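Chemist: Please work out how this folds:
(3 chains)
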Amino acid sequence: MKLFSSVSDVQDIKQLVASALALKANPYAYGDLGKNKTLGLVFMNPSLRTRLSTQKAALNLGMNVMVMNMDKEGWALETQDGIIMNGTTVEHIREAAAVMGEYCDILGLRSFPKLQNREEDYNEEFFNKFVKFCGVPVVSLESATRHPLQSLADLVTITETNPISAEEKANGKVPKVVLAWAPHIKPLPQAVPNSFAEWMSRAQAEGMLDFTIAQPEGFELEESFTTGAKISHNLDEAITDADYVYVKNWSSYKEYGKLLDFPEGWMMNNEKLKLTNNAKVMHCLPVRRDLELASEILDGPNSLVIHEAGNRLWSAQAVLKAMLEELK
Amino acid sequence: MKLFSSVSDVQDIKQLVASALALKANPYAYGDLGKNKTLGLVFMNPSLRTRLSTQKAALNLGMNVMVMNMDKEGWALETQDGIIMNGTTVEHIREAAAVMGEYCDILGLRSFPKLQNREEDYNEEFFNKFVKFCGVPVVSLESATRHPLQSLADLVTITETNPISAEEKANGKVPKVVLAWAPHIKPLPQAVPNSFAEWMSRAQAEGMLDFTIAQPEGFELEESFTTGAKISHNLDEAITDADYVYVKNWSSYKEYGKLLDFPEGWMMNNEKLKLTNNAKVMHCLPVRRDLELASEILDGPNSLVIHEAGNRLWSAQAVLKAMLEELK
Amino acid sequence: MKLFSSVSDVQDIKQLVASALALKANPYAYGDLGKNKTLGLVFMNPSLRTRLSTQKAALNLGMNVMVMNMDKEGWALETQDGIIMNGTTVEHIREAAAVMGEYCDILGLRSFPKLQNREEDYNEEFFNKFVKFCGVPVVSLESATRHPLQSLADLVTITETNPISAEEKANGKVPKVVLAWAPHIKPLPQAVPNSFAEWMSRAQAEGMLDFTIAQPEGFELEESFTTGAKISHNLDEAITDADYVYVKNWSSYKEYGKLLDFPEGWMMNNEKLKLTNNAKVMHCLPVRRDLELASEILDGPNSLVIHEAGNRLWSAQAVLKAMLEELK
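Modeler: Residues are numbered from 1 along each chain as shown, chains lettered A, B, ... in the order given. Modelled structure (predicted):
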């Protein structure tokens, strides 16, 4: 693998999930694979889980890691071509990316959307230019429109905790997974739900699960991410008999960057949980308690959020392992 | 050891001091003990000595280290339960701590007091919740009310430089140690003097030294930290015949968070040094020269401040070694 | 080598260049030399290339690396002696440097000039006091007046790409190197051009190349750096038949800290390139495109800027290797 930015970069998602779970069972089995290889983690935005889990994943493989908070330790980068750089940007991404590629064997990049210009964000200008000019394999640590390490960890978690018995499976039963929109006080990017949707749609196409998205009107995700998913505007209907409810806020794609009004009744709590098939509840974190998701769920037996965050490690390790194997 | 936050977490302080001095003599003797173990250092506040010495200590034991400046690279954490998180805090400490515990075998945490609400600070709400929810052993890198790695290094330094001869020792003589309040322009936490007081009181109880605290009226430390210590409001009297003078400013516990007026004559200098038994002068650093402590002392032969800072390394290494041995 | 701050710290520049190129050919040949040795990288200012290349260089030698962004993760340091520290500085460089020396075997320091007081900057007060008080070998990561790791990488790059044939060389021909002033919108330090000038002058004295400086009137560098260099106030004349044009802005030394007006026609572009001997174009980066240097050059076949940045790694590794060999 030379690029990990989207589910379409992965040839075999079942194999990648299996690799993550094998690494979880035996974390240091490939402890020399990354010897004398360096991972550079470049952050244009803050990070907790992604940074620590990816750093640890690389260490488990014997890699060296260099972390660069470009937003704080560096300076502003220019992405536009054909302009005279007499403003506030100090270095062009053409040079900055190429230089980082000189010192690192693999690079990870986090770069959030600005949520001001939809076309610019959805073109993934910053991420794509970084990939183009750095000249080494790149792992997305969350870009303007996707967060693939999170989605892989989510699929690993669902696979690992799948409640469907062997007999039911033989009869064609698969777990029902629902992505459920949740309230928030800020307009958040669509990266996590876009990514979750494209990974779950792919998993559905491969017979691994059944996938539904529940969202209020006006909060539809961009269509290319949701192909094959059932879409509902009624949370209670959507989560009925669900095995997994994946809770996440996102702001409107249509009214881009705006904080729209939304209807009551979209926060998952124990009352709503009764509608489900004793569903496991997931969230990518950070989560705002009792705004996005009820504390009673987070502190109760149905929450998978910490388990899921733990799996970020093995997912990152599986991706880095696949990249290192091609470097050799 | 599963927690290092206070002297009461240590079963045998003499043994821990001896371990630190043994590591100083042979830094790489346990260079494989930490293989495939990861230390996460989490800072809610700036750090120089603590960060570098603890990081180096872990490296000497073969550990991996991940540093997370949560205040700068992350976001604001919530500690209160039962509230709707629709304000400025982005993640609850319940999740943040648990997630860090997923990626690290041992965590270190620095979290200063806010000096606004004494009860909140002295309850160590942030530190204790972090310990509770992270699920792995925790080393305090200075909390609201204590700085135990500093105090251990101080006791190591006193033990190492003890001027009492074997003959005097046989006659029951021990070094006289004085904690001496010093002036400052800002209201500083009580963490360092609290910790120093509880460690020296314990060392006194174990026959290692004689302990006195000198402070102006109004600057008394919280009593549970000073049990057994002699208390004086007269600096000159207190330091007479002292073998060690430990200089440190702290703000009032009674008038919490306020910058009180204080009397003249509380800065240690060469003139005052004449009253002592040619005392060694200590300070945890950073020190404001000629405000807290005279340059003539810092630059003279009686200063132990750099030596003492150097011992931070071996103290941290002894604590991490004790934790790693229990992880195995 | 115990100090690397200026070309005068290097006994044999040809040997150091050769060492860098040997390491480039065989990066891990000395992978155990730095075992159990720690490099501390201390930044008072932002850094991208210097930080990542020096960190990677140390890792290639088996060292541990600790990065300290003192400006962001720490606090303000005092350099003046004899003052009462009752202002904004929290710790004196005497203590801060000495403490860092306790935890590190080698230290690197970046400290930019303030461009307010020329004498203070050119006295290198901060850098020299740090060296004096830390007590361990120090590598400059760019000081107020010099950037020697950059200049070494530049000389490595020129040596590596030298277009002079063996026959021409036998006839005494050497490449013509021109340092060419370039426009900018901010008053920049003279560190890079000062350093480049002193390294190229030394290389010229050792018969390695021919060195010319082109600058508008009023932008003359301090004379001690340019001894032996040909000086021109006409860019076109200076670059005629050049084999290398090293493009860089710097602010006036005479009118210190000011942003002077400057004449038109000082930006290198393809038109000007025609005057040269198909010169390779260099720049230390970051570069402001189409302000300092034309994009058509940066994106064309004559640009060496990424190659040159890549050589920062081997230059740093050669310097660290030389220091480690003396530590043993």
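Chemist: anything in the lengthiest helix in chain A near chain C?
Modeler: When chain A is parsed with DSSP state H, its longest helix is helix A:305-327. No - Helix A:305-327 stays clear of chain C (Cβ under 8 Å from any Cβ of the partner chain), getting no nearer than 14.6 Å. Where you see a C-beta, it was placed from the backbone N, CA and C, and this is true even at glycine.
Chemist: pLDDT on that helix, on average?
Modeler: When pLDDT is averaged along helix A:305-327, the result is 98.
Chemist: If we go by neighbour counts, what in it is buried?
Modeler: A:305-324 (16 or more other Cβ atoms under 10 Å in any protein chain shown).
Chemist: With stretch A:241-260 instead?
Modeler: Counting neighbours by 16+ other Cβ under 10 Å, stretch A:241-260 gives A:242-253, A:256-257 as buried.
Chemist: same question, stretch A:12-30
Modeler: Buried residues in stretch A:12-30, counted by 16+ other Cβ under 10 Å: A:Ile13, A:Leu16, A:Val17, A:Ser19, A:Ala20, A:Leu21, A:Ala22, A:Leu23, A:Lys24, A:Pro27, A:Tyr30.
Chemist: just the residues you listed now: which is nearest B:Val287?
Modeler: Lowest distance from B:Val287 to these (Cβ to Cβ) belongs to A:Pro27, with 44.0 Å.
Chemist: how about the nearest residue to the closest one, chain neighbours excluded?
Modeler: Distances taken as Cβ to Cβ, 6 or more residues apart in numbering or on different chains put A:Asn60 closest to A:Pro27, at 5.1 Å, once the chain neighbours are dropped.
Chemist: Enumerate the residues of the stretch 101-250 of chain A near chain B.
Modeler: So the stretch 101-250 of chain A meets chain B at A:Ile185 (Cβ under 8 Å from any Cβ).
Chemist: Where does the stretch 101-250 of chain A get nearest to chain C, residue-wise?
Modeler: Nearest residue of the stretch 101-250 of chain A to chain C, counting by Cβ to the nearest Cβ: A:Glu102, 3.9 Å away.
Chemist: for the stretch 151-300 of chain A, same thing?
Modeler: Distances between the stretch 151-300 of chain A and chain C by Cβ to the nearest Cβ are smallest at A:Pro286, namely 22.4 Å.
Chemist: Identify the bridge partners of the closest residue to that residue other than its chain neighbours.
Modeler: Spatially, and ignoring its direct neighbours in sequence, A:Pro286 is nearest to B:Glu91 (3.5 Å; Cβ to Cβ, 6+ apart). Counting by DSSP bridges, B:Glu91 is bridged to B:Leu77.
Chemist: Could you double-check that B:Glu91 lies in contact with A:His283?
Modeler: No - in this structure B:Glu91 lies outside contact range of A:His283 using Cβ atoms under 8 Å: 11.1 Å.
Chemist: can you map out the helices along the stretch 101-250 of chain A?
Modeler: Assigned by DSSP state H, counting those that start in this stretch, the stretch 101-250 of chain A shows helices spanning A:118-122, A:125-134, A:148-161, A:166-170, A:191-205, A:235-239.
Chemist: Go through those helices and name the closest to C:Met66.
Modeler: Set against C:Met66 and scored by Cβ to Cβ, those come closest in helix A:125-134, at 25.8 Å.
Chemist: Now do that closest one and helix C:305-327, the angle between them.
Modeler: 70 degrees (axes from the mean of the first three to the mean of the last three Cα atoms, to 10 degrees).
Chemist: What residues of helix A:125-134 count as buried?
Modeler: Residues of helix A:125-134 classed as buried: A:Glu125, A:Phe126, A:Phe127, A:Lys129, A:Phe130, A:Val131, A:Phe133, A:Cys134 (neighbour count, 16+ other Cβ under 10 Å).
Chemist: sorry, back to before: kindly identify which of the buried residues of helix A:305-327 also come near chain B.
Modeler: Applying Cβ under 8 Å from any Cβ to the buried residues of helix A:305-327, those adjacent to chain B are A:Val305, A:Ile306, A:Ala309, A:Gly310, A:Leu313.
Chemist: Which residues are in contact with the nearest residue to the last one once chain neighbours are set aside?
Modeler: For A:Leu313, the nearest residue in space outside its immediate sequence neighbours is A:Ser53; the separation is 4.5 Å by Cβ to Cβ, 6+ apart. Shown here is A:Ser53, whose contacts under the criterion Cβ atoms under 8 Å, 6 or more residues apart in numbering or on different chains are A:Leu149, A:Ala309, A:Arg312, A:Leu313, A:Ser315, A:Ala316, B:Glu102, B:Tyr103.
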